[in-house]
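In: pasted the sequence and its predicted model underneath.
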Amino acid sequence: MHFMHISEDTILLLYEIVDVIISGLTNGSVYALMAVGLTLIYGVTKAFNFAYGSFFNLGGYCAWILIGIVGLAGGYFSIFLAVVPVLFVVGYLLEKVLVAPLRKYEDWENKVMMMTLGLALFMDNLYVVVFGGRVKSLPPILEGTLEIGQLVFTYLDITIFFLSIGGILLFGWLLNNTRIGMAVKAVAQNPEGARIVGIPKERIFAATFAISTVMVGFGGILLSQKYFISPMSGGAIMVKSWVITAFGGMGSIRGGLYAAFIIGMMEAFVGWGFGMSYGMIALFILLLTTLVVRPQGLMGKS
Amino acid sequence: MLKVIDIDAFYGQFHVLKKVSIQIKSGEVVVILGPNGHGKSTLLKSICGLAERVEGRIEHNGQNINGLPAEKIVNRGIIYIAENRELFPQMTVLENLKLGAYSKNARPHEKQNLERVFTLFPRLKERRGQMAATMSGGEARMLAVARGLMSNADLLCIDEPSLGLQPSLRIEVFNIIKEINRQGKTVLLVEQNIPRITDLADRVYVIEEGRISFEGDSGEALNNEALKEIFLGM
């Protein structure tokens, strides 16, 4: 019957839209992981970490060294096993050496911002010096595609999605079921109360910084398989993470999760409709609109 | 068990405590009275490592503990129980209690302390799944005291536990503190005034304008005309 006829163009368009949605979901899941990490630092230490994006690339470059130079066996499984502790230790030490000493000043928030901004510049330029200005690529964790009828999903997208979600769930579990997780929550909810019961706040701050470094670095290993590792891209990642965090509501983990998927989706659709370079513009329009209409963000407290 | 020797404490530009000395013997209930803002809380916080800047000597079992970080002092068996409660609002009663046993000194005794606390505060047992933020003032105060007990400390530094409570609840709080003391804990208690102080306190100090202005056992405090009018709530 004539009215049931769907043109081939319409079907192609539908496939394209499914592709865009998958891309949005994949990127959104990694953004969610990153946003949770950033929200965690802000929620617990009330400090802004402007070097966050550079840790994303730290994860990517660590993986690149292990694959390209060391030739580590065991695929990505052993890479995660090797890189995660490195990220943790780097995050912990950087907090202890660079951030913690600033806390004794009255305007320590500003000093931490400046320090981490400086750290970001240092790291990004160090990447250029050490790895060169050209982008590097990582092999996909899984090759091949899954075809369901006419729909094609890459195993890479699927794996990235589930590893990110798995990372977030693991983080949530650790937060609620381990002694250190409870201590982190306690410091976030009431720092003075935490001190009273004998929680070493300084150590929790450093651990929090370290955990968030792991989360963003892990995100970097995942997403760099889809795109590239580019030494100066830390700034863009940082901006994205901050916009997600502000849009979701500062300090709200749930808000950050929603915001990450909304922004991942928005970026994918804007990229598809107008071209990738419009992604950032859309991001800033969203940020400005949020700041005007609902400054506390989706789920933040005003 | 605890000797505070000539300490000076500062809060920003303010010189809050001036050459204050007090002593607490094991098993005692020592009450510190004084008007608001004259340094009572600061004295407790100085002992517990929570004050900003403290000069002088604070001896716990012969060792100077002034300058140690708060968690080290909790580990030594000294705990601060805050007047404004300082609970973890988005956690349950049980989670608050478990965090009370965070210190190394408390961990091995967590189970038995939890049982003891629940016997002492049956209402907390009923409400162990409730969020701390949704508790009434009286219950939150009980939870703060209970969380302090979870630390397995021998010396409880309790800051105005009856602040803002209605009279019947105040009596209940003091009765519980008495019971805790009977079970073997040493108590250093700060209050603005206490009814029937001889029932509770062994000794009394009064702090005015950052200095100790009276020191004696509770009978002497009761017979001091000036104190009677101002602090003892009679």
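Out: Cool, the structure landed.

In: run the chain-centre distance for the helix or strand of chain B with the lowest mean pLDDT.
Out: Least confident helix or strand of chain B, by mean pLDDT, DSSP states H and E, is helix B:225-230 with a mean of 74. Counting by C-alpha atoms, centre = their mean, to the nearest Å, helix B:225-230 is centred 23 Å from the centre of its parent chain.

In: give the contact list for A:I67.
Out: A:79, A:138-139 (C-beta atoms under 8 Å, 6 or more residues apart in numbering or on different chains). Quick note: C-beta positions are derived from backbone N, CA and C, even for glycine.

In: from those, which is closest to chain B?
Out: The shortest approach to chain B among those belongs to A:I79, at 35.0 Å (C-beta to the nearest C-beta).

In: could you look up the SS state of the residue most central in space within chain B?
Out: Centroid-nearest residue in chain B, with C-alpha atoms, centre = their mean: B:I158, separated by 1.2 Å. Secondary structure for B:I158, judged by DSSP: H, G, I helix; E, B strand; the rest coil, is strand.

In: could you do the one 3 residues further on as well?
Out: The local conformation at B:P161, judged by three-state DSSP, is coil.

In: what's the distance between it and B:N193?
Out: Counting by C-beta to C-beta, to the nearest Å, the gap from B:P161 to B:N193 is 13 Å.

In: pull the distance from stretch A:269-276 to the chain's centre.
Out: For stretch A:269-276, the distance to the chain centre is 21 Å (C-alpha atoms, centre = their mean).

In: residues contacting the residue of chain A found nearest chain B?
Out: Chain B sits closest to A:G198 of chain A, with a gap of 3.1 Å, by C-beta to the nearest C-beta. For A:G198, the contact set (C-beta under 8 Å, 6+ apart) comprises B:70-71, B:73-75, B:79, B:102-103, B:106, B:151.

In: of those residues, list those near chain A.
Out: Applying C-beta under 8 Å from any C-beta of the partner chain to those, one finds that B:70-71, B:73-75, B:79, B:102-103, B:106, B:151 fall near chain A.

In: tell me which of those residues is nearest to A:Y92?
Out: Distance to A:Y92, by C-beta to C-beta, is smallest for B:E71 among the ones next to chain A among the contacts of A:G198, at 18.1 Å.

In: I'd guessed that closest one sits against B:A106; true?
Out: No - using C-beta atoms under 8 Å, B:E71 is not in contact with B:A106, being 11.3 Å away.

In: which positions in the longest helix along chain B come out as buried?
Out: Assignment by DSSP state H gives helix B:167-182 as the longest helix of chain B. In terms of neighbour count (16 or more other C-beta atoms under 10 Å in any protein chain shown), helix B:167-182 has its buried residues at B:169-170, B:172-174, B:176-177, B:180-181.

In: can I get the helix or strand just after it in CSV, CA atoms only?
Out: Remark: after helix B:167-182, the chain's next helix or strand is strand B:186-191, criterion DSSP states H and E. The C-alpha atoms that make up strand B:186-191 are tabulated as CSV, following Å, rounded to 0.1, in the frame of the first residue of the first chain:
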residue,chain,number,x,y,z
THR,B,186,35.8,9.8,82.5
VAL,B,187,33.8,12.9,81.5
LEU,B,188,34.8,16.4,81.0
LEU,B,189,31.5,18.4,80.5
VAL,B,190,30.9,21.9,79.4
GLU,B,191,27.6,23.6,80.2
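
In: those residues of chain B touching chain A, which are they?
Out: B:48, B:50, B:69-71, B:73-75, B:79-82, B:86-91, B:95, B:98-100, B:102-103, B:106, B:147, B:151.

In: just the buried ones from those?
Out: Taking 16+ other C-beta under 10 Å as the criterion, what is buried in the residues of chain B next to chain A is B:48, B:50, B:70-71, B:73-75, B:79-82, B:86-89, B:91, B:95, B:98-100, B:102-103, B:106, B:147, B:151.

In: wouldn't A:V89 be in contact with A:A210 here?
Out: Yes - between A:V89 and A:A210 there is a contact under C-beta under 8 Å: 7.4 Å.

In: between those two, who's got more neighbours?
Out: A:A210 (21 against 13; other C-beta atoms under 10 Å in any protein chain shown).

In: residues contacting the residue in chain B that chain A sits nearest to?
Out: Closest residue of chain B to chain A, C-beta to the nearest C-beta: B:V74 (3.1 Å). Going by C-beta under 8 Å, 6+ apart, B:V74 touches A:196-198, B:48, B:103, B:105-106, B:151, B:153.

In: again, only using 7 Å
Out: A:197-198, B:103, B:151 (C-beta atoms under 7 Å, 6 or more residues apart in numbering or on different chains).

In: any chance of those in a markdown table, plus secondary structure, pLDDT and distance to A:G220?
Out: Shown next, in a markdown table, are the contacts of B:V74 (DSSP: H, G, I helix; E, B strand; the rest coil; pLDDT from 0 to 100; distance: C-beta to C-beta, whole Å):
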| residue | secondary structure | pLDDT | distance to A:G220 |
| --- | --- | --- | --- |
| A:V197 | coil | 96 | 36 |
| A:G198 | coil | 96 | 36 |
| B:S103 | coil | 93 | 37 |
| B:S151 | coil | 95 | 41 |
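
In: now, which of the residues you listed sits nearest A:L25?
Out: Proximity of the contacts of B:V74 to A:L25 (C-beta to C-beta) peaks at A:V197, which lies at 41.1 Å.

In: neighbours around the closest one, how many?
Out: If we define neighbours as other C-beta under 10 Å, then A:V197 has 28 of them.

In: from what I see, it and B:A101 are in contact.
Out: No - at 8.2 Å, A:V197 does not count as touching B:A101 under the criterion of C-beta atoms under 7 Å.

In: hmm, A:Q296 is touching A:F247, no?
Out: No - applying C-beta under 7 Å, one finds A:Q296 not in contact with A:F247, separated by 10.6 Å.

In: who's more crowded, those two?
Out: Shown here are A:Q296 and A:F247; by other C-beta under 10 Å, A:F247 has more neighbours (27 against 15).

In: quick one: contacts for that one?
Out: When contacts are counted by C-beta under 7 Å, 6+ apart, A:F247 touches A:259, A:263, A:286-287, A:290, A:297-298.

In: now do 8 Å
Out: So A:F247 contacts A:255, A:259, A:262-263, A:286-287, A:290, A:297-298 (C-beta under 8 Å, 6+ apart).
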